[in-house]
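Trainee: sequence first, then the predicted structure, then my questions.
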Amino acid sequence: MLAAALLLAGPSADVTAQAPTVTYTLLGRDSRRPLPARTVANQEMFALDDVARVFELTVREDAAAGGLTVAVRGQTIVLSAGQPLASVGGRLVSLSGPPLREGRTWLVPVDFVSRALALALGTRIDVRRGSHLIVPADLRVPQIAGRLESVGANARLTLDVSPATPHTVAQEGTRLVVRFEADALDASLPASTVPDLVAAVRTGETPTTLVVDLGPKFASFRTSDLPGDRGGGRVVVDLAAQTTEAAPATPAPTAPPVPDLPPLLDLAPAGSLRTIVIDPGHGGDDDGVKGAGGTVEKAVALSVARRLKAALESRLGVRVILTRDGDHSVALDERAAVANNNKADLFVSLHANASVRPNTAGAEVFYLSLAEYGEEGQRVAHGAPDVLPVFGGGARDIEVTPWELAQARHSERSAALAQAVEAALREQIPMGPRTIQPAPFRVLIGTNMPAVLVEMAFLSNPQQEKDVATDTFQNATVQALVNAIVRFRDTPPPPAVAPPAAAGRGLR
């Protein structure tokens, strides 16, 4: 057996106050075992006796040594009271807190299981605080984050699965069943519904299935499997609604039957828009603007970005990339790099605004003006490419553009895109005091395509803070942006301007 000695140096304070108990579940291939935890001083902790029971350890109190001995396969874990450290066979590992005494019971932080005990057992044990699951390494328990969105008259269910896991989607009567090749699922599912199409998204009768309860107007579905972040996968289920047409007043002439065809997409003509990058502002530790009612800019931006992505893909058939599709930080230059590396045709950055005047409200649109660059910007925007010699003789035209001047070449088209966005937003949502204006936003500087930044509303305005979180406002904003992109796509660019005489290279 492995012995883990728990030596407790020095006195330790008794624990008296604690939060209500929460229960973790230790998953086994054919079992589920509860492990209660309690919160002490904002720290989730297990009773060591409970850990011993669940993991079948032997605990012996050593009064002479002033500690505890836990027998488990010949290893030794040493903890010291007041120290958030553990020694496992002489190897130090950090813990989120020190052990504490509660009467005759010793409490250890929950990561004692994943960091110290797992090391002693020679295996990985994943303690998932969000879902209160304890997952041994030999089990396949993918984490699934679901979201449900309205896309016009239709709906889209997106499941982000980490790691990517084989699955099937099938209709069984009035529901869709998603089956995963796993031992269990760690799923966070949307509570929202699309009443006509989706009554609920829930876990199934078995631990490896999810169920979509279908609404009364459901007609058909289509699934797509896409790659996700960091080895994950994405399952997209598009649900189409029934279409109804009024019967003609008089019988129509008999016509030959027409085969069922998929709905036509508003596809861009050749040489036009192929890839669009949507940039939800902020993320991770950067919340952006916060409204008095608790609305956070980063969440609003991501919600609208996801809806806009779905709408553009559905209506225009273009490839749409989000610079972030979760709550994590992305550097400003990295956002531009995502667009450049994917050869995007457009870049749209989404934000919410704030003002010291609570009555200020409305959307505003920004672009990077060529005036920001001076003579160097004019040279880059209108100049001829550099001619460089190539190996073997001859020469080749090369466009060499510094990062900070990448947007200069697209300044006029960015202004045109900004005008289209401002006009379309005006038809759908309130506009701000300065509806369209140039500004040197860092996120726009390195983009090598037409680019705009949209401040959708002022979260410092109490009414707008309430409005911006609603489906009505977000869908109206998305509709306006789609309309603007279509208008921009269908408006030909102005004729090319002949390059001016060579100018100096000084910036401003």
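Mentor: Cool, the structure landed. Numbers count the residues shown, from 1 in each chain.

Trainee: what packs against the host helix or strand of Leu444?
Mentor: Leu444 is part of helix 442-445 when elements are defined by DSSP states H and E. Secondary-structure packing of helix 442-445 (3 or more Cβ pairs under 8 Å, 6 or more residues apart in numbering; DSSP states H and E): helix 332-341, strand 346-353, strand 451-458. Any C-beta I mention is one placed from the backbone N, CA and C, and that applies to glycine too.

Trainee: residues in contact with it?
Mentor: The contact list for helix 442-445, computed with Cβ atoms under 8 Å, 6 or more residues apart in numbering, reads 279, 281, 332-333, 335-336, 347, 349, 366-368, 403-404, 406-407, 414, 451-453.

Trainee: among these, which ones are buried?
Mentor: 279, 281, 332, 335-336, 347, 349, 366-368, 406-407, 414, 451-453 (16 or more other Cβ atoms under 10 Å).

Trainee: next, give me the two most distant ones among those.
Mentor: Gly281 and Ala406 (19.5 Å; Cβ to Cβ).

Trainee: Tyr24: neighbour count?
Mentor: 23 (other Cβ atoms under 10 Å).

Trainee: same question for Arg53.
Mentor: Neighbours of Arg53 (other Cβ under 10 Å): 13.

Trainee: give me the buried positions along the stretch of helix or strand it belongs to.
Mentor: Element membership of Arg53 [criterion: DSSP H and E] is helix 48-54. Neighbour counts over helix 48-54 (16+ other Cβ under 10 Å) mark 48, 50-52, 54 as buried.

Trainee: what is the rounded mean pLDDT of it?
Mentor: Averaged over helix 48-54, pLDDT sits at 90.

Trainee: so which elements touch it?
Mentor: Counting by 3+ Cβ pairs under 8 Å, 6+ apart, helix 48-54 packs on strand 32-40, strand 58-62, strand 67-71, strand 105-109.

Trainee: tell me where the stretch 301-450 of the chain is predicted with low confidence.
Mentor: Applying pLDDT under 70 to the stretch 301-450 of the chain picks out residues 370-405.

Trainee: mind putting the helices and strands packed on helix 442-445 in JSON lines, distance to Leu79 included?
Mentor: JSON lines is the format used below for the helices and strands packed on helix 442-445 (distance: least, Cβ to Cβ, whole Å):
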{"stretch": "helix 332-341", "distance to Leu79": "41"}
{"stretch": "strand 346-353", "distance to Leu79": "47"}
{"stretch": "strand 451-458", "distance to Leu79": "51"}
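
Trainee: of these, which is nearest Gly122?
Mentor: Of those, nearest to Gly122 by Cβ to Cβ is helix 332-341, at 38.6 Å.

Trainee: this protein: helices as residue ranges?
Mentor: 48-54, 111, 118-121, 297-316, 332-341, 374-382, 411-426, 442-445, 462-468, 471-490 (DSSP state H).

Trainee: could you say which one of these comes nearest to Val72?
Mentor: Nearest to Val72, of all the helices of the chain, is helix 118-121, at 6.1 Å by Cβ to Cβ.

Trainee: quick check, Arg91 in contact with Leu119.
Mentor: Yes: between Arg91 and Leu119 there is a contact under Cβ atoms under 8 Å: 7.1 Å.

Trainee: so which of these two has more stuff around it?
Mentor: Leu119 (18 against 11).

Trainee: Provide a list of residues in contact with that one.
Mentor: Neighbours of Leu119 in contact, by Cβ under 8 Å, 6+ apart: 88-89, 91, 93.

Trainee: if we can go back for a sec, which parts of the helix holding Leu444 are buried?
Mentor: 443-445.

Trainee: do the same with stretch 469-476
Mentor: So, applying 16+ other Cβ under 10 Å, buried residues of stretch 469-476: 469, 473-476.

Trainee: what of stretch 417-434?
Mentor: Neighbour count says stretch 417-434 has 417-426, 428-432 buried, by 16+ other Cβ under 10 Å.

Trainee: pull the most distant pair out of those residues.
Mentor: Leu417 and Pro430 (20.9 Å).

Trainee: how about low-confidence regions in the stretch 101-250 of the chain?
Mentor: In the stretch 101-250 of the chain (pLDDT under 70), the answer is 244-250.

Trainee: let me see the ranges of the strands in the stretch 201-350 of the chain.
Mentor: 209-214, 218-227, 233-241, 275-280, 319-322, 346-353 (DSSP state E, counting those that start in this stretch).
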